[in-house]
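Chemist: After the sequence you'll find the predicted model.
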Amino acid sequence: MTVFFYDLLYCFSVSILSVSLLWDHTGAKEHAIAGVIIAVILPVFFTAVKNAGRRFKLLILGIPSVIAVSVLSLTGLKEGIEYLSSNLWILWLVFICIGAYLLAVLIRSYILVRRIAAMVIIAGAILLTYYNEPIKKVSVAVAMLLLLIFLVEMIQRKWNKVGDTDMKRHVACISPFLLVFALLVLASPARKEAYDWKFAVELYYKAVAGFDRINFSLFKKADDSFANAGFTENGTFVSSFKNNNMQIFTVNPSIYSGRVVYLGGTSMDHFDGRGWSEKNVPDRKMIMLDTLETRCAVWQADSEYMTDHIRESSVRIAYTGYYTHYFFAPVKTLMNTGKLGEFSYHTEGTGILSDKKLGPGDAYTIYYFRLNKDSEHFRDLVKSAEAIDRDTWETVRYNYFKSGSSGLEYEDYLAYRDEVYKTYLSDVKLSPELSEKLDEVIKGADSDIEKMQRTEAWLKRFKYSSSPGKIPNSVDTPEEFLDHFLLNTQSGYCAYYATAMAMLARSQGLPARYVQGYRVSFKDAGTVAVTKNMAHAWCEIYFDNVGWIPFEATPGYSMGKPWEAANRNETETNVEYGQQRTAEVTVEEKEPVEEKNDIDPKLVLYPLIGLAVFIILYILMSRLIYSIRTARMDNESRAMLLCRRNLRFLRLMGYKKDDAETLEEYGMGLPAETDKGFITCMEKILYSEQKINDDMLATVERSAKEILKQLKKKNIIYRLFVW
Amino acid sequence: MNRRLILWGILWILSLVCISFWGGPVSYGFFAAMTIIPVISWLYLFMVFLMFRIYQKLVSPVMVTREPSPFYFTLVNEFPMIFAGVRVRFFSSFSTISGLNSETEYELRPHSSIKMETQIVCHYRGEYEIGIKRVEIEDYLRLFRLSYKNPDTLRVAVKPHIIYFDSLKTVNVSELLRDSLYHKNTPDILTREYMAGDDVRMINWAQTARSGVPMVREQTGEERQGVSIYLDTYRPEEDERDYLPAENTMLEILLALSWFMVSKGISIKEFHIDRDKRIYPVSDTAHFDDYYEFISAVSFAKEYSPDRAVGVLDTDVSILSSNAVFIITRQLSDPVMKMINTYTHNDTEVLIYLVCETADDAVEALNGVARVTLIPVEVDAEIEEVL
């Protein structure tokens, strides 16, 4: 049995491997189940035939032969050949299995062949992976199993041990573990793409967030790194932010805050093609000047219905597990000079920094104007904005600040405007191809605001990706970046889109800047916890006499819907997009045809009868052969044969003789009713030179009859098949 | 570290690299295979651990030091799977298994056993574990090895060995026993005329020469009798690796001396302290076996300080009337020195067998003390050579 299992292991593995590798070429795809059955049964059959004794070999070969002959005789040889011709896959599978069996015999017999097979398997696996050729999981699992068997044999061969070190028994006895191994390999998942290690990355950032929390709570260390976060040239956005779910602050909106608020932290003016930096930003109260400019523009253009364009709003920000000097504020912030709530602040460029470190427990309310940016009216206002005169400026300024508004005079405003152009408008020359594309986009736009809105919409049609890949080393200028991003990859994250928007605006002569902060979305009313992974980047463009207007060019993001003008009655056409008339197609339903499932009983009955006849004939033949053989034997051989048979029968009854046991000891252990007369005779045959006489032979034969009778009483199968 | 394990580690890392760069069944299958291999190996080891049995047998549960004793052990596989590699480690501190290499690995087929017959020799007297100490099993890929303590160890009581010799090297017995009545020839010994039946050893030859007729010594109640042997049963250490060898040496000296004396017709009194004072007299070899069993059962303990012997055993008349006192001890503590002083003041010859690593301090302490002989004995010394 050991040799059988050993051979079966090899034969089965090689057969399954061969069949799975060549499966697609056999045409057996539509007959998967039958094909698998053939691929499994044939190796077992070949191995059984090879390892069986003469009698069983006859049985194993005889049964399928009888079935085949019966089927052929029923269907006819011609029909049988026709059937095979139209189902060549059967022949293919049989040939593959035969070839695999022969290969398996070679592999298990010769070490050199085994080594070659191992090298072929490894080389094949490498090549298939390299060339991305399809391969089935079962092939891989079986190939791994074969390699493991080779390895086990190699180790066993070199292992210096005492005891039963037979190789075949060794492999056969550990085969269940090897098969479990193969099954587990087969069951393990296998993706088409390489593993992205998302869980490891998430785990890493969770650890970073946890470390940050501990750092902040234990050491109260301020994190002002936000100023340097954002665009990184290795192509991943603020990786320390995007995957970090550490809570920074909470935001509590007011009723006019809308669904989204963009809280800016800092903005940058200079882009070198690979990253942003803050180079030339003057230290001026740019935030307030901008807010006043916009307020003036709206008041000047539409003083009666100012709320159609801007709404005064507020948010309350409370810091939680985070320490920083930065205030986060929306564009068009209203701030008293020097103080934000109870906190004193100073500005560094466009950043608002607290004089003292802000941390858990610190909160402030920030007031700002929310722009109705995407409404038609606002667009018209920007289109037709006129220069702000001094009176307007002073009126608005006094209205808000009454006193303590130094640095916000009209002259400051004029100087500020010049500086905006100087700082935020660099010369960006687009490549001809990109320029052509942009011209197509903005064709027909009659104002700068419309051009920018169209550009924004165009960029929104691109693809969002948080890991668009490394920026090539050849990209060195804003123009080269734009070509790489907008013409080649066409995918990126918010920083890419914010940069592209800013550069495209500058190419049209509009000052633009890159802003980074947090995009807070209020899905339901109430406080929102802002985490580091809500960090975002967008673009702000300066429009003459209006001020900075934010633009959201990142696909999938929006700044919120515009609100309806209070006094306008717009008629809207009810256009439903996507509605199409489809022609009515009537499909005649065919009545299902009932398939007749009649099975010809002859196809089952005749083979069964043939099988039964074969088995009966086999039994009779075996008995006859046995009788003739024993009749021709001499007394001694016959007695020995009967003694051995008795031991075999006793073993079937559960009385197995131990190797270390003598016959006498064995006999003493048998039950009293067993005829043990043959044991003495067997001892005499084995250990003495005494000849067997007729009395002794008669004793042995009598014992044989009695033991056989006992055995047949035990089980009906013995009654039929043992004699 | 196991070379194969390192190789597996390298392959596993390689599989991680493969799945990081290439998708598909081959790279993921390779990674799965490398990850599953150790899991299956440990599962196999766990099954072997559950199903492996050891049976050990000693012919006699009582053994004597230095005498080989037949020892059998059987490794049994009750599992339907093969045991690829099993190794057994023996207790080696106090015993030796002969003819077996502890590096031998065994393979057992399903439902089979391997029986090994060998001899075991215990080196020290005492009660301790012998035989198989640990079992090491290895998986079929030789990646991992599981080592665990044998749960069914053999514990034996080992008796001390008796060394037989003809002469006492360190001590002149006749010199020692010159005060014995058999050898006393001084004039002032009481004598009488020889009568038929008197022991010829009792003839006082000096008196006989003077008187011209055979004169035999008269025995009086004040004659010194035999020798006494004091065994110091104090055990200062707690680790049996420290105290077993020394105690074994002490007992072997005691038994060797005892046998020698008794075989020469010199009666002995062995005395020691355990829960009480013990004095065991032996006058002839016929009773030596009982004496041997008694001595084999002597116990040592930290509580059996020689303090308890002082004032009890050193003033015992039967001991004081000995020709000589042999002291077998491991250290010349103050109580032992007191006993020595008591004996020497009593004109009793004292011989000290000091079982220790270094005896310099003892030699200095006994320098100039009359009637005292110090014989240092190393712990694992050959007793025959010492005595």
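Modeler: That came through fine.
Chemist: which phi and psi does residue 307 have?
Modeler: Going with chain A. phi -70, psi -10 (degrees, to the nearest 10).
Chemist: wait, I meant chain B there
Modeler: Torsion angles, degrees, to the nearest 10, at B:Asp307: phi -50, psi -40.
Chemist: can you pull the contacts of the nearest residue to it once chain neighbours are set aside?
Modeler: Residue nearest to B:Asp307 in three dimensions, not counting chain neighbours: B:Pro335, with 4.9 Å by Cβ to Cβ, 6 or more residues apart in numbering or on different chains. Where C-beta positions appear, they are placed from N, C-alpha and C, glycine not excepted. By Cβ atoms under 8 Å, 6 or more residues apart in numbering or on different chains, the contact set of B:Pro335 is B:305-307, B:309-310.
Chemist: for A:Thr489, same thing?
Modeler: Here A:Thr489 is in contact with A:468-469 (criterion: Cβ under 8 Å, 6+ apart).
Chemist: Need the pLDDT of it.
Modeler: With respect to pLDDT, A:Thr489 scores 86.
Chemist: The residue nearest to A:Ala565 when sequence neighbours are not counted: how many residues sit nearby?
Modeler: In space, and not counting its chain neighbours, A:Ala565 is closest to A:Asp308: 4.3 Å by Cβ to Cβ, 6+ apart. Using other Cβ atoms under 10 Å in any protein chain shown, A:Asp308 is surrounded by 21 other residues.
Chemist: what's the answer for the one 4 residues further on, then?
Modeler: Neighbour count of A:Glu312, defined by other Cβ under 10 Å: 15.
Chemist: And A:Glu661, by the same measure?
Modeler: Close neighbours of A:Glu661, defined as other Cβ under 10 Å, add up to 13.
Chemist: Can you verify it is assigned to a helix?
Modeler: No: applying DSSP: H, G, I helix; E, B strand; the rest coil, one finds A:Glu661 to be coil, outside a helix.
Chemist: list the contacts for it?
Modeler: For A:Glu661, the contact set (Cβ under 8 Å, 6+ apart) comprises A:Gly669.
Chemist: again, only this time at 10 Å
Modeler: A:667-669 (Cβ atoms under 10 Å, 6 or more residues apart in numbering or on different chains).
Chemist: Same check on A:Met668?
Modeler: A:661-662, A:676, A:679.
Chemist: one more time with 6 Å
Modeler: Counting by Cβ atoms under 6 Å, 6 or more residues apart in numbering or on different chains, A:Met668 makes contact with nothing.
Chemist: So which residues of chain B form helices?
Modeler: In chain B, the segments counted as helices under DSSP state H are B:3-21, B:25-51, B:173-176, B:205-211, B:240-263, B:288-296, B:317-320, B:334-345, B:360-365, B:383-386.
Chemist: Pipe those into TSV and attach distance to A:Phe181 and mean pLDDT per row.
Modeler: Formatted as TSV, those follow (distance: least, Cβ to Cβ, whole Å; pLDDT from 0 to 100):
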stretch	distance to A:Phe181	mean pLDDT
helix B:3-21	14	92
helix B:25-51	5	92
helix B:173-176	77	62
helix B:205-211	96	81
helix B:240-263	45	90
helix B:288-296	57	90
helix B:317-320	77	75
helix B:334-345	69	84
helix B:360-365	67	72
helix B:383-386	60	78
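Chemist: Nearest approach to A:Ala704 belongs to which of the ones you listed?
Modeler: Within the helices of chain B, the stretch nearest A:Ala704 is helix B:25-51; the backing value is 37.9 Å (Cβ to Cβ).
Chemist: tell me what the closest one is packed against?
Modeler: helix A:111-130, helix A:137-158, helix A:167-187, helix B:3-21 (3 or more Cβ pairs under 6 Å, 6 or more residues apart in numbering or on different chains; DSSP states H and E).
Chemist: Of all these, which one is nearest B:Ser41?
Modeler: Here helix A:167-187 is closest among those (Cβ to Cβ), at 8.3 Å.
Chemist: A:Leu620 is nearest to which of the helices of chain B?
Modeler: Using Cβ to Cβ and comparing the helices of chain B, the one that lies nearest A:Leu620 is helix B:25-51, at 45.6 Å.
Chemist: got the angle between the closest one and helix B:3-21?
Modeler: 140 degrees (axes from the mean of the first three to the mean of the last three Cα atoms, to 10 degrees).
Chemist: In helix B:25-51, which residues are buried?
Modeler: B:25-34, B:36-38, B:40-41, B:44-45, B:47-48, B:51 (16 or more other Cβ atoms under 10 Å in any protein chain shown).
Chemist: repeat for stretch B:295-311
Modeler: Result for stretch B:295-311 [16+ other Cβ under 10 Å]: buried residues B:295-296, B:298, B:300, B:304-306, B:308-310.
Chemist: Please give the centre-to-centre distance between that stretch and its chain.
Modeler: 17 Å (Cα atoms, centre = their mean, to the nearest Å).
Chemist: Export the contacts of A:Glu661 as TSV, with columns for pLDDT and secondary structure.
Modeler: TSV is the format used below for the contacts of A:Glu661 (pLDDT from 0 to 100; DSSP: H, G, I helix; E, B strand; the rest coil):
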residue	pLDDT	secondary structure
A:Gly667	85	helix
A:Met668	84	helix
A:Gly669	84	helix
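Chemist: Can you tell me which of those is closest to chain B?
Modeler: Relative to chain B, the closest of the contacts of A:Glu661 is A:Gly669; by Cβ to the nearest Cβ it sits at 17.8 Å.
Chemist: Pull up the gap between the closest one and A:Leu642, please.
Modeler: 20 Å (Cβ to Cβ, to the nearest Å).
Chemist: ok, now B:Phe294?
Modeler: In terms of Cβ to Cβ, B:Phe294 sits 65 Å off from A:Leu642.
Chemist: Looking at the two, which has the bigger crowd around it?
Modeler: A:Leu642 (24 against 13).
Chemist: quick one: the more buried one and A:Val700 touch, right?
Modeler: Yes: assessed by Cβ atoms under 6 Å, A:Leu642 is found in contact with A:Val700 at 4.9 Å.
Chemist: residues bridging contact with those two, i.e. touching both?
Modeler: Counting by Cβ under 6 Å, 6+ apart, nothing touches both A:Leu642 and A:Val700.
Chemist: related to what we said a few turns ago, could the buried residues of stretch B:295-311 be laid out in a markdown table, adding distance to chain A?
Modeler: Below are the buried residues of stretch B:295-311 laid out as a markdown table (distance: Cβ to the nearest Cβ, whole Å):
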| residue | distance to chain A |
| --- | --- |
| B:Ile295 | 42 |
| B:Ser296 | 37 |
| B:Val298 | 42 |
| B:Phe300 | 41 |
| B:Tyr304 | 47 |
| B:Ser305 | 51 |
| B:Pro306 | 52 |
| B:Arg308 | 54 |
| B:Ala309 | 54 |
| B:Val310 | 59 |
